[in-house]
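Asks: This is the structure alone, sequence omitted:
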């Protein structure tokens, strides 16, 4: 399981620009990303397998096109329960807070790509521990869940 891509944008609802590495900031999100802030959807994840599936259905899409912050490989996000903690790279730790999302209006991504899979397959998390992450960094599911740090949810 690893990080395939990292992407950020200055505005919400738009495709994101790829970066090789970035700082995850505790209780904030990715440094410089429009979705960062004090809320439960600080970081968004999407399986690279989902992006590949969209491509195989004829959509001209790549990493960052669905406004995901981090695309991963080898991790079945949709079968992880809320509250699951994931280590990214050497020191960052996130906790899953939401699976999928409701879209009230079709965003720019929908019109540019022809579909948006984030409402169905996007995963959202908050940052419990910051740190630098890079493409190709390992991802680990934390098996020993310590729920004492979940106060304030």
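Replies: Okay, I see it. Owing to the predicted nature of the structure, the values given are computational and were not obtained by experimental measurement.

Asks: From one end of stretch 71-83 to the other, what's the distance?
Replies: The stretch stretch 71-83 measures 19 Å between its terminal residues, going by CA to CA, to the nearest Å.

Asks: Pull out the buried positions in that stretch.
Replies: 71-73, 75, 77, 80 (16 or more other CB atoms under 10 Å). Every residue, glycine included, has its C-beta placed from N, CA and C.

Asks: Is it possible to get JSON lines of those that adds pLDDT?
Replies: Putting those into JSON lines (pLDDT from 0 to 100) gives the following:
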{"residue": "71", "pLDDT": "97"}
{"residue": "72", "pLDDT": "98"}
{"residue": "73", "pLDDT": "98"}
{"residue": "75", "pLDDT": "95"}
{"residue": "77", "pLDDT": "92"}
{"residue": "80", "pLDDT": "94"}
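
Asks: Looks like residue 38 contacts residue 27 (just checking).
Replies: Yes. At 6.5 Å, residue 38 and residue 27 qualify as touching, with contact defined as CB atoms under 8 Å.

Asks: quick one, which of these two is more surrounded?
Replies: residue 27 (15 against 10; other CB atoms under 10 Å).

Asks: Please report how far that one lies from residue 122.
Replies: 20 Å (CB to CB, to the nearest Å).

Asks: Next: residue 138.
Replies: Residue 138 sits 22 Å away from residue 122, going by CB to CB.

Asks: quick one, which of those two is more surrounded?
Replies: Counted by other CB under 10 Å, residue 138 and residue 122 do not tie: residue 122 has more neighbours, with 24 against 12.

Asks: Correct me if wrong: that one contacts residue 97.
Replies: No. At 11.8 Å, residue 122 and residue 97 do not qualify as touching, with contact defined as CB under 8 Å.

Asks: the longest helix in this protein is where?
Replies: In the chain, taking DSSP state H as the definition, the longest helix is helix 48-56.

Asks: May I see the buried residues of that helix?
Replies: Neighbour counts over helix 48-56 (16+ other CB under 10 Å) mark 48-51, 54 as buried.

Asks: and those as CSV, adding pLDDT and distance to residue 87?
Replies: Rendered in CSV, the data for the buried residues of helix 48-56 read as follows (pLDDT from 0 to 100; distance: CB to CB, whole Å):
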residue, pLDDT, distance to residue 87
48, 96, 18
49, 95, 20
50, 91, 21
51, 90, 22
54, 84, 27
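
Asks: all strands for the chain, in order.
Replies: 2-8, 17-19, 21-25, 29-30, 43-47, 70-73, 85-88, 92-99, 123-129, 131-134, 139-141 (DSSP state E).
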